[in-house]
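Asker: Predicted structure and sequence below. I'll ask about it afterward.
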Amino acid sequence: MSKRAGSYVTLRDLIDEVGRDATRWFLAARKADSQLTFDIDLARARNNDNPVFYVQYAHARIASVLRQAGERGMTHDAARGTAALMRLDSATAQALQWEISRYPEVVDAAARDLQPHQIAQYLGEIAYALHTWYNAEPFLVEDADVRDARLLLARATQQVLANGLGLLGVSAPEQM
(Lines give C-alpha, C1' and ligand atoms only; values in the text may rest on other atoms or scores of the structure.)
Protein backbone atom coordinates (compact mmCIF):
# COMPACT_ATOMS: atom_id res chain seq x y z
CA MET A 1 0.00 0.00 0.00
CA SER A 2 2.20 2.78 -1.21
CA LYS A 3 0.94 6.24 -2.14
CA ARG A 4 4.33 7.18 -3.58
CA ALA A 5 4.40 4.20 -5.90
CA GLY A 6 0.83 4.96 -6.92
CA SER A 7 -0.43 1.57 -5.79
CA TYR A 8 -2.81 0.81 -3.00
CA VAL A 9 -5.07 -1.93 -1.73
CA THR A 10 -8.65 -1.14 -0.83
CA LEU A 11 -10.23 -2.56 2.28
CA ARG A 12 -12.53 -4.64 0.07
CA ASP A 13 -9.48 -6.07 -1.74
CA LEU A 14 -7.86 -6.88 1.59
CA ILE A 15 -10.99 -8.64 2.87
CA ASP A 16 -11.24 -10.59 -0.39
CA GLU A 17 -7.57 -11.56 -0.10
CA VAL A 18 -7.32 -12.65 3.56
CA GLY A 19 -10.90 -12.79 4.85
CA ARG A 20 -13.05 -10.67 7.11
CA ASP A 21 -11.85 -12.20 10.39
CA ALA A 22 -8.14 -11.76 9.66
CA THR A 23 -8.69 -8.21 8.41
CA ARG A 24 -10.66 -7.19 11.48
CA TRP A 25 -8.18 -8.87 13.83
CA PHE A 26 -5.07 -7.33 12.32
CA LEU A 27 -6.64 -3.86 12.25
CA ALA A 28 -7.94 -4.11 15.82
CA ALA A 29 -4.76 -5.68 17.21
CA ARG A 30 -2.70 -2.50 16.81
CA LYS A 31 -2.82 0.72 18.77
CA ALA A 32 -4.69 3.36 16.80
CA ASP A 33 -1.68 5.68 16.79
CA SER A 34 0.84 3.05 15.66
CA GLN A 35 2.02 2.37 12.15
CA LEU A 36 0.36 -0.62 10.54
CA THR A 37 2.28 -3.02 8.37
CA PHE A 38 -0.21 -5.62 7.21
CA ASP A 39 1.51 -8.94 6.57
CA ILE A 40 -0.80 -10.56 4.04
CA ASP A 41 1.09 -13.86 4.11
CA LEU A 42 0.78 -14.05 7.90
CA ALA A 43 -2.92 -13.14 7.74
CA ARG A 44 -3.48 -15.95 5.22
CA ALA A 45 -1.51 -18.54 7.21
CA ARG A 46 -3.45 -21.35 8.83
CA ASN A 47 -0.95 -22.05 11.58
CA ASN A 48 -0.08 -20.88 15.08
CA ASP A 49 2.04 -18.00 13.78
CA ASN A 50 -1.18 -16.26 12.73
CA PRO A 51 -2.65 -14.76 15.92
CA VAL A 52 -6.29 -14.83 14.81
CA PHE A 53 -5.94 -18.45 13.73
CA TYR A 54 -4.30 -19.29 17.07
CA VAL A 55 -7.15 -17.76 19.07
CA GLN A 56 -9.91 -19.19 16.88
CA TYR A 57 -8.22 -22.59 17.04
CA ALA A 58 -8.35 -22.45 20.85
CA HIS A 59 -12.12 -21.94 20.63
CA ALA A 60 -12.54 -24.72 18.07
CA ARG A 61 -10.30 -27.06 20.07
CA ILE A 62 -12.60 -26.75 23.09
CA ALA A 63 -15.63 -27.40 20.89
CA SER A 64 -13.90 -30.54 19.60
CA VAL A 65 -13.24 -31.79 23.15
CA LEU A 66 -16.88 -31.21 24.06
CA ARG A 67 -18.01 -33.11 20.94
CA GLN A 68 -15.65 -35.98 21.79
CA ALA A 69 -17.08 -36.14 25.31
CA GLY A 70 -20.57 -36.47 23.87
CA GLU A 71 -19.48 -39.10 21.36
CA ARG A 72 -17.94 -41.14 24.20
CA GLY A 73 -21.10 -40.84 26.27
CA MET A 74 -19.35 -38.77 28.92
CA THR A 75 -21.90 -36.56 30.59
CA HIS A 76 -20.97 -33.20 32.00
CA ASP A 77 -22.40 -32.09 35.32
CA ALA A 78 -21.66 -28.39 35.87
CA ALA A 79 -22.56 -28.52 39.57
CA ARG A 80 -20.18 -31.42 40.15
CA GLY A 81 -17.53 -29.59 38.10
CA THR A 82 -17.95 -26.45 40.20
CA ALA A 83 -17.60 -28.45 43.40
CA ALA A 84 -14.42 -30.08 42.06
CA LEU A 85 -12.70 -26.94 40.73
CA MET A 86 -10.27 -27.02 43.66
CA ARG A 87 -8.90 -30.27 42.22
CA LEU A 88 -7.55 -28.33 39.25
CA ASP A 89 -4.33 -27.54 41.04
CA SER A 90 -1.80 -27.82 38.24
CA ALA A 91 0.12 -24.69 37.29
CA THR A 92 -1.33 -24.76 33.78
CA ALA A 93 -4.95 -25.01 34.95
CA GLN A 94 -4.42 -22.27 37.52
CA ALA A 95 -2.78 -20.01 34.94
CA LEU A 96 -5.81 -20.41 32.67
CA GLN A 97 -8.23 -19.75 35.53
CA TRP A 98 -6.35 -16.56 36.36
CA GLU A 99 -6.37 -15.43 32.72
CA ILE A 100 -10.10 -15.87 32.24
CA SER A 101 -10.83 -14.15 35.56
CA ARG A 102 -9.24 -10.99 34.13
CA TYR A 103 -11.84 -10.68 31.33
CA PRO A 104 -14.06 -7.99 32.91
CA GLU A 105 -11.15 -5.72 33.81
CA VAL A 106 -9.51 -6.11 30.38
CA VAL A 107 -12.74 -5.27 28.55
CA ASP A 108 -13.39 -2.34 30.89
CA ALA A 109 -9.90 -0.93 30.35
CA ALA A 110 -10.08 -1.42 26.57
CA ALA A 111 -13.43 0.38 26.41
CA ARG A 112 -12.43 3.16 28.78
CA ASP A 113 -9.15 3.81 26.96
CA LEU A 114 -10.59 3.20 23.47
CA GLN A 115 -7.92 0.56 22.84
CA PRO A 116 -9.39 -2.63 21.35
CA HIS A 117 -5.88 -3.98 20.80
CA GLN A 118 -5.87 -4.81 24.51
CA ILE A 119 -8.65 -7.33 23.91
CA ALA A 120 -6.78 -8.93 21.00
CA GLN A 121 -3.61 -9.21 23.07
CA TYR A 122 -5.56 -10.65 26.00
CA LEU A 123 -7.24 -13.25 23.79
CA GLY A 124 -3.81 -14.34 22.61
CA GLU A 125 -2.78 -14.81 26.24
CA ILE A 126 -5.88 -16.90 26.94
CA ALA A 127 -5.27 -19.01 23.84
CA TYR A 128 -1.68 -19.62 24.93
CA ALA A 129 -2.81 -20.63 28.43
CA LEU A 130 -5.49 -22.94 26.99
CA HIS A 131 -3.14 -24.65 24.53
CA THR A 132 -0.52 -25.09 27.26
CA TRP A 133 -3.08 -26.65 29.61
CA TYR A 134 -4.51 -28.82 26.82
CA ASN A 135 -1.05 -30.19 26.01
CA ALA A 136 -0.27 -30.85 29.68
CA GLU A 137 -3.43 -32.62 30.87
CA PRO A 138 -6.08 -34.79 29.24
CA PHE A 139 -9.58 -33.37 29.64
CA LEU A 140 -11.59 -36.54 29.14
CA VAL A 141 -10.52 -38.67 32.09
CA GLU A 142 -12.40 -41.43 33.89
CA ASP A 143 -12.63 -39.55 37.21
CA ALA A 144 -15.98 -37.78 36.72
CA ASP A 145 -15.23 -35.02 39.24
CA VAL A 146 -11.94 -34.09 37.59
CA ARG A 147 -13.42 -34.42 34.10
CA ASP A 148 -16.36 -32.18 35.00
CA ALA A 149 -14.06 -29.57 36.55
CA ARG A 150 -11.82 -29.59 33.47
CA LEU A 151 -14.79 -29.36 31.11
CA LEU A 152 -16.24 -26.54 33.19
CA LEU A 153 -12.98 -24.60 32.90
CA ALA A 154 -12.85 -25.40 29.19
CA ARG A 155 -16.43 -24.15 28.65
CA ALA A 156 -15.73 -20.97 30.62
CA THR A 157 -12.63 -20.39 28.51
CA GLN A 158 -14.60 -21.01 25.33
CA GLN A 159 -17.21 -18.47 26.43
CA VAL A 160 -14.58 -15.82 27.19
CA LEU A 161 -12.92 -16.44 23.82
CA ALA A 162 -16.28 -16.21 22.00
CA ASN A 163 -17.21 -13.01 23.84
CA GLY A 164 -13.84 -11.39 23.20
CA LEU A 165 -13.79 -12.36 19.54
CA GLY A 166 -17.34 -11.04 19.23
CA LEU A 167 -16.25 -7.67 20.63
CA LEU A 168 -13.66 -7.50 17.85
CA GLY A 169 -16.19 -8.57 15.21
CA VAL A 170 -14.33 -11.83 14.60
CA SER A 171 -16.06 -15.21 14.40
CA ALA A 172 -15.57 -17.99 16.95
CA PRO A 173 -15.68 -21.17 14.85
CA GLU A 174 -16.69 -24.53 16.25
CA GLN A 175 -14.48 -26.33 13.72
CA MET A 176 -11.39 -25.42 11.74
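Answerer: It's in.
Asker: Output the below-cut-off pLDDT ranges for the protein.
Answerer: 1-7 (pLDDT under 70).
Asker: And the helices in it, which stretches?
Answerer: 11-18, 20-28, 40-44, 51-71, 78-83, 91-101, 103-112, 117-136, 144-167 (DSSP state H).
Asker: M176: which of those helices is closest?
Answerer: Among the helices of the chain, helix 51-71 comes nearest to M176, with 4.4 Å by C-beta to C-beta. (Each C-beta comes from the backbone N, C-alpha and C, glycine too.)
Asker: Buried residues, the closest one. List them.
Answerer: Within helix 51-71, the residues scored as buried using 16 or more other C-beta atoms under 10 Å are 51-63, 65-66, 69.
Asker: what's the answer for stretch 39-47, then?
Answerer: Within stretch 39-47, the residues scored as buried using 16+ other C-beta under 10 Å are L42, A43, A45.
Asker: I'd like those residues laid out as a markdown table, including distance to A120.
Answerer: Listed next are the buried residues of stretch 39-47 as a markdown table, based on distance: C-beta to C-beta, whole Å:
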| residue | distance to A120 |
| --- | --- |
| L42 | 14 |
| A43 | 13 |
| A45 | 17 |
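Asker: for these, which one is nearest P104?
Answerer: Nearest to P104 among those, with distances taken as C-beta to C-beta, is A43, at 29.5 Å.
Asker: Isn't that closest one up against P51?
Answerer: No: A43 is beyond contact range of P51, at 9.4 Å (criterion: C-beta atoms under 8 Å).
Asker: Relative to V107, how far out is the most centrally placed residue in the chain?
Answerer: By C-alpha atoms, centre = their mean, the chain has its centre lying nearest to V55, at 3.3 Å. Taking C-beta to C-beta, to the nearest Å as the measure, V55 falls 15 Å from V107.
Asker: ok so, going back, I'd say the residue nearest to the centre of the chain and A127 touch.
Answerer: Yes: between V55 and A127 there is a contact under C-beta under 8 Å: 4.5 Å.
Asker: what is in contact with the two at once?
Answerer: Among the neighbours of V55, those also in contact with A127 (C-beta atoms under 8 Å, 6 or more residues apart in numbering) are L161.
Asker: All set, thanks.
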